[in-house]
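Engineer: here's a sequence, model it:
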Amino acid sequence: MSQEELAHVAGVSPGTVRKVEQGGMVRMETLHALARALGVNTAVLMASEAPEPVGRAEEPNRINLIQLRAALTPPVGLVDVDAEAIGEEPNLRRFRRAVHDGAVLYHSDSYKSVASQLPGLLRDANSAVSFYDSGDEHRQALLGRAEAMQLAGRYLTQVRQYDLAYTALSGAISDARSAGDRLTGASGVIGMCWLLLRQGRLDEAENLAAATADLVEPRMSRATPDECAAWGWLALRAAAAAGRNNRPQEARQYHRIASAAASAVGREHTGSFFRHWTTFGPLTVGMKGVEDAMVIGDARTVVRRSGEDAMSPKAWKTTGRPSDNDWNRHRLDVARAHAQTGDLSAAMDNLAGVRRESPEWLRHQRLAAEIMQEILRKRKRTLTADMRDMADYLGVIG
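Structural biologist: Presented below is the predicted three-dimensional model:
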């Protein structure tokens, strides 16, 4: 195909095709479109390049996260040094309660509070594992540290500190394996797959999620809701990776698995924060199906499905309430679909709704900034005051 032919099939401009061929930076969504047009996996189009030169300005998070970095990545030398002096016996119940409280803060988007508490939680976790070197107390200490590491890993993924997130999540999975707790380990894998998706490591995310789903697949006749939820979330992670990697048939198969798990659960199940960190049920599976439709650029399907009663808060009395993060992500997908189909007012309404309910979460969503950029490009008349305010809030220059 010529550049013009490829651009036409992919639904992008010829200038975008030239930019990609010359090594320019484009959005992941553009690579998805090109991969579909070429009939290849998206991962094929991702080549390694030399990193761009660092800027002259100090990267703020290097300072902001220095205490958390020290707790997660202590210095290593030729001599073993005890990281923590063994003092009085730790109170494991109180420690795990503190981790639970940190998870509540994370789900309420109190990111500054989470960041300030995590270094102390991780140090306390290391002390507990060192103090209890055997028996059930050692196992409980390992599980407590796995929970603290998961909290750190998910928070760091949310704020796009991916290398630190990997360290935390791999530590959480390792501790869960050592403690012999398969569900807590599977929860860590769900977080790891989210991290891999954010990094664009699509093949690895799908393979890891699928292999773990096979390992933890429950016997449905006696499965607990937590077991079904972990299995279902792994299937959703695999579906997300396959869909983004131009493997639609595999994505549909994973969605069928997730739907079976959701049917077994019956309605949105919250369970333990540390088993799957969110709700799971038919509504969550439906929202993720909408997200995957948006990934492949089917904006009209997203608008149509989002208008169905089953995908609205009206249904929550029967389906149960989804997690705030999943619901907010769904509303961003709907906002983007409206922007792409030309209904800029509806797109702004969805952005404004998310901002009212989860302002701090919204600031960390690159998708929100991309939606606002699209609104600014398509707006033919003078921008409204609300549009200017939202653009300023998201750091978008029109």
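Engineer: from here on, contacts and neighbour counts on C-alpha atoms
Structural biologist: Will do.
Engineer: check which helix or strand covers the most centrally placed residue in the chain.
Structural biologist: For the chain, the residue lying nearest the average C-alpha position, counting by C-alpha atoms, centre = their mean, turns out to be residue 194 (4.5 Å). Element membership of residue 194, judged by DSSP states H and E, is helix 182-198.
Engineer: rounded mean pLDDT for that helix, please.
Structural biologist: Across helix 182-198, pLDDT averages out at 95.
Engineer: quick one: buried residues of the helix or strand just after that helix?
Structural biologist: In the C-terminal direction, the helix or strand that comes right after helix 182-198 (DSSP H and E) is helix 202-216. Buried residues in helix 202-216, counted by 16 or more other C-alpha atoms under 10 Å: 202, 203, 205, 206, 207, 208, 209, 210, 212, 213, 216.
Engineer: run the angle between the following helix or strand past helix 202-216 and helix 202-216 for me.
Structural biologist: Using DSSP H and E, the helix or strand that follows helix 202-216 towards the C-terminus is helix 225-244. Interaxial angle of helix 225-244 relative to helix 202-216 (axes from the mean of the first three to the mean of the last three C-alpha atoms, to 10 degrees): 150 degrees.
Engineer: who's in contact with the closest residue to residue 188 other than its chain neighbours?
Structural biologist: Using C-alpha to C-alpha, 6 or more residues apart in numbering and skipping the chain neighbours, the partner closest in space to residue 188 is residue 173 (5.3 Å). By C-alpha atoms under 8 Å, 6 or more residues apart in numbering, the contact list for residue 173 reads 146, 184, 185, 186, 188, 189.
Engineer: ditto for residue 30
Structural biologist: Contacts of residue 30 (C-alpha under 8 Å, 6+ apart): residue 12.
Engineer: which ones are touching residue 102?
Structural biologist: 114, 117, 118, 151.
Engineer: typed the wrong thing, it's residue 204
Structural biologist: Neighbour list for residue 204: residue 196 [criterion: C-alpha under 8 Å, 6+ apart].
Engineer: can you check the pLDDT for it?
Structural biologist: 97.
Engineer: what about residue 98, how many residues close to it?
Structural biologist: 15 (other C-alpha atoms under 10 Å).
Engineer: where's it, which helix or strand?
Structural biologist: With DSSP H and E as criterion, residue 98 is part of helix 92-107.
Engineer: which SSE is immediately downstream of that helix?
Structural biologist: Helix 92-107 is succeeded, C-terminally, by helix 111-131 (DSSP H and E).
Engineer: what sits closest to residue 313 if chain neighbours are left out?
Structural biologist: Nearest-residue entry for residue 313: residue 321, 7.9 Å, with adjacent residues in sequence omitted and distances by C-alpha to C-alpha, 6+ apart.
Engineer: Three-state assignment for that neighbour, please.
Structural biologist: coil (DSSP: H, G, I helix; E, B strand; the rest coil).
Engineer: quick check: it touching residue 280?
Structural biologist: No: taking contacts as C-alpha atoms under 8 Å, residue 321 lies outside contact range of residue 280: 9.6 Å.
Engineer: more neighbours, the two?
Structural biologist: Neighbours per residue (other C-alpha under 10 Å) separate residue 321 from residue 280, with residue 280 holding more: 31 against 20.
Engineer: share the number of residues neighbouring the closest residue to residue 154 other than its chain neighbours, please.
Structural biologist: Excluding the flanking residues, the one nearest residue 154 by C-alpha to C-alpha, 6+ apart is residue 191, at 6.5 Å. Residue 191: 28 surrounding residues under other C-alpha under 10 Å.
Engineer: hang on, residue 191 packs against residue 151?
Structural biologist: No: with contact defined as C-alpha under 8 Å, residue 191 does not reach residue 151; the gap is 9.7 Å.
Engineer: quick check: residue 286 vs residue 158, distance?
Structural biologist: From residue 286 across to residue 158, the span is 22 Å (C-alpha to C-alpha, to the nearest Å).
Engineer: what of residue 351?
Structural biologist: 18 Å.
Engineer: out of these two, which sits in the busier spot?
Structural biologist: Counting neighbours by other C-alpha under 10 Å for residue 351 and for residue 158 shows that residue 351 has the greater number, 22 against 19.
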